[in-house]
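Engineer: I would like the atomic coordinates for the input below:
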Amino acid sequence: MIGGDASFGDLLRDMLGVLITLSWFAPASDNLSSGARRTVKSVSVSLLLIACIPLIVSVSDELLARARFPVLSDFETPFEKDRWEGGARFAIDRAIAHKGKASLRVEMDTSLYSGVSLVYFPRDWMGYRHLSMEIFNPMPDAFKITCRIHDGVHEKGEQRYDDRYNQVFHLLPGWNSLRIDLGDVLRAPVGRRMDIRNIRAVGVFSSRLPAPRTVFIDSVRLE
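Structural biologist: As a prediction, the model looks like this:
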């Protein structure tokens, strides 16, 4: 009724709220023995702490992201995998890295669109000239990927192809340095200018690959 989506997690959190209320505030809890009350209260507090773990992780990563900006993601801090989402399988990889100790391994399949998007990062890119990233192609042949960038206006609209930035790159074998002029990003939407103060996502994907491909993404940053 308020525009949200129900989930099993919502139900569990509601049940936890009931347990906390009954164990700490309900008059009926006075009928329990002191040992039983302590046990129930300890269980409710323990479950509350467990339920808060995702929030603690999210806040911690938010603080790290702000402290390390203009680096958007280089996989050198905990929880960075959660900044990404997408249809492709992906994981932190510590065997291959352009700089530092880790990169993001992305396993793209042969579906219509397969890739990942960086969706959690500081949104205001005003004052920067380029978005750069390093992508490693471990195969001996080149192939195409697309990088897309969109803002908050795009998310709230019809999400048309011509209302965002789209650029095809040829990934050669080995490390590839992708450098995107933010002036081009600013002018990319047809009929308006990109809201560079409210960038919402950076996507990297391929379309209809003849065979699955794996790439490694590292050092996503503004310059």
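Engineer: Name the SS class of R38, please.
Structural biologist: Recorded secondary structure, R38: helix (DSSP: H, G, I helix; E, B strand; the rest coil).
Engineer: mind checking how far whichever strand or helix holds I50 is from the chain centre?
Structural biologist: Assignment of secondary structure by DSSP states H and E places I50 within helix 34-68. Taking C-alpha atoms, centre = their mean, to the nearest Å, the mean C-alpha location of helix 34-68 is offset from the chain mean by 22 Å.
Engineer: Could you do stretch 111-124 as well?
Structural biologist: 7 Å.
Engineer: and it, which residues are buried?
Structural biologist: Of all the residues in stretch 111-124, those buried under the rule 16 or more other C-beta atoms under 10 Å are 114-118, 120-121. From N, CA and C alone the C-beta is placed, and that goes for glycine too.
Engineer: Okay, and which of those map to strands?
Structural biologist: Of the buried residues of stretch 111-124, the ones assigned to strands by DSSP state E are 114-118.
Engineer: ok, so of these, who is nearest E223?
Structural biologist: Checking these against E223 with C-beta to C-beta, the nearest one is L118 at 16.0 Å.
Engineer: Specify the beta-bridge partners of the closest residue to the closest one other than its chain neighbours.
Structural biologist: Closest residue in space to L118, ignoring its immediate chain neighbours: V202 at 4.5 Å, by C-beta to C-beta, 6 or more residues apart in numbering. Beta bridges link V202 to L118, I149, judged by DSSP bridges.
Engineer: What is the burial count for V202?
Structural biologist: Neighbourhood size, V202 [other C-beta atoms under 10 Å]: 23.
Engineer: how much space between it and C52?
Structural biologist: 29 Å (C-beta to C-beta, to the nearest Å).
Engineer: Repeat that for S103.
Structural biologist: Distance from S103 to C52, by C-beta to C-beta: 30 Å.
Engineer: neighbour count winner among those two?
Structural biologist: S103 (25 against 11).
Engineer: list the contacts for the more buried one?
Structural biologist: Contacts for S103 (C-beta atoms under 8 Å, 6 or more residues apart in numbering) come out as 75, 92-93, 96-97, 136, 216-218.
Engineer: Equivalent analysis for L112, please.
Structural biologist: L112 neighbours (C-beta under 8 Å, 6+ apart): 207-208.
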